[in-house]
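Visitor: The sequence and its predicted three-dimensional model are supplied below.
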Amino acid sequence: MSLKEPKIIDGKALSNELVQSLIPDIKTIIDEIGRPPALAVILVGEDSPSQIYVRNKINKTLEVGMISVEHRLSSETKEKSLLNLIVELNKNSEVDGILVQLPLPKHINEHSIIQAISPEKDVDGFNIINAGKLATGQSNLVPCTPLGCLLLLRHTLGDLTGLHAVIIGRSNIVGKPLAQLLLAENASVTIVHSKTKNISQITTQADILIAAVGQAELVKPDWIKPGACIIDVGINRIITAEKGKDKPQLVGDVNFSEVAQKAGFITPVPGGVGPMTISCLLRNTVVAAARRNGVEIKIK
Ligand code: NDP
């Protein structure tokens, strides 16, 4: 089966649509408060994937006409200095969203940093207040990658009611919030993880299979039900003989070429969940700006 057939879910196209749909709301916010939504991005250290993610996030923010305030700190930065910066950004009325790029250097406690971000500016949705609101079905800022997965699923399958979704991975930033979102859509949700026995017996029951593991091409065709919808969150860098160690190849957690033969729908890596994550960050920044300033917008 050719990989160009329409069952490949085009995350780039949907992500562009989402970004375009934000433009009228950004205009409304500019009209009401005299400036566009503003996102502060903090990067600590020189981790090279993080540098790429931050650059992409900042470029997209600027492209859509929003403000991006960049804070690049050395890997030696003390936890206290980072906390002080967050307190300052929390107080700054010209900043609507604060994003701290993870992972942080080992001497900094990620949990303390995330909790220090004001929940109303927590555009990553990782703060315990936003996590609690998500778990209890209240309006909140939702983590970007799970929200991106949900939008891809709604776009591809429509109503998710009654479908069985299996999520591989139980992290606080992907697996758990995604389970909450899918439950709210009336899907039946199972989470599996590294301690689960006989994983493929569970994954082969899934109408929707989401892989958020961080292990290159872990999911093979015998893990899936024929016709299932496969969402691959994983981003893994592998060295190939072809490209050499200076140009690692990006692959997901799913063996794309083999699984695509059996799946009903599948996201590619790159070009699937990744672009949706960035668009959802922009969306959350617009939502945060509107809520903080009491502006009515279309996107909720
Ligand atoms: P974590 O390392 O925090 O979590 C990985 C999860 O996978 C854990 O729950 C772990 O289980 C589980 N796991 C590990 N090995 C296996 C296995 N062999 N079988 C079943 N489960 C296993 O990762 P994240 O959730 O942060 O990220 C997952 C992937 O998604 C990574 O590749 C990351 O780069 C990518 N990612 C992509 C984003 C995007 O925008 N596309 C955004 C965020 C992440 P246990 O809990 O038992 O250890």
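Guide: Now that the structure is in, tell me what you want to look at. Here the structure is a predicted model, which is why all the values come from computation and not from measurement. Numbers count the residues shown, from 1 in each chain.
Visitor: May I have the residues that are in contact with V251?
Guide: Going by C-beta atoms under 8 Å, 6 or more residues apart in numbering, V251 touches A216, E217, G234, N236, I238, V269. To be clear about C-beta, it is placed using only N, CA and C from the backbone, and glycine gets the same treatment.
Visitor: one more time with 7 Å, if that's ok
Guide: A216, E217, N236, I238, V269 (C-beta atoms under 7 Å, 6 or more residues apart in numbering).
Visitor: And for Q180?
Guide: L134, A135.
Visitor: mind checking pLDDT for it?
Guide: With respect to pLDDT, Q180 has a value of 97.
Visitor: Quick one: end-to-end distance for stretch 208-221.
Guide: From its first residue to its last, stretch 208-221 covers 14 Å (C-alpha to C-alpha, to the nearest Å).
Visitor: any bit of it sitting next to the ligand?
Guide: Yes. For stretch 208-221, a contact with the ligand is found by C-beta under 6 Å from any ligand atom, at A212, V213, G214, Q215, L218.
Visitor: Would you agree L152 is in contact with A13?
Guide: No. With contact defined as C-beta atoms under 7 Å, L152 does not reach A13; the gap is 10.7 Å.
Visitor: Tell me which helix or strand comes right after the helix or strand where I129 lies.
Guide: Secondary structure assignment for I129, by DSSP states H and E: helix 128-135. Next helix or strand after helix 128-135 toward the C-terminus (DSSP H and E): helix 144-157.
Visitor: Who are the contact partners of the nearest residue to N56 once chain neighbours are set aside?
Guide: Once flanking residues are discounted, N56 sits nearest to I278: 6.0 Å by C-beta to C-beta, 6 or more residues apart in numbering. Shown in contact with I278 (C-beta under 7 Å, 6+ apart): S15, N56, K57, K60.
Visitor: Which strand or helix spans I278?
Guide: In this structure, I278 sits in helix 273-292 according to DSSP H and E.
Visitor: Let me know the average pLDDT across that helix.
Guide: Mean predicted confidence for helix 273-292 is 98.
Visitor: now do stretch 92-105
Guide: 97.
Visitor: Now do the helices in the protein.
Guide: With helices called from DSSP state H, the chain shows them at 11-33, 48-63, 79-91, 110-116, 128-135, 144-157, 175-184, 199-203, 256-259, 273-292.
Visitor: Dump those to TSV, plus distance to the ligand.
Guide: Shown next, in TSV, are the helices of the chain (distance: least, C-beta to the nearest ligand atom, whole Å):
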stretch	distance to the ligand
helix 11-33	9
helix 48-63	8
helix 79-91	20
helix 110-116	11
helix 128-135	14
helix 144-157	4
helix 175-184	6
helix 199-203	6
helix 256-259	14
helix 273-292	3
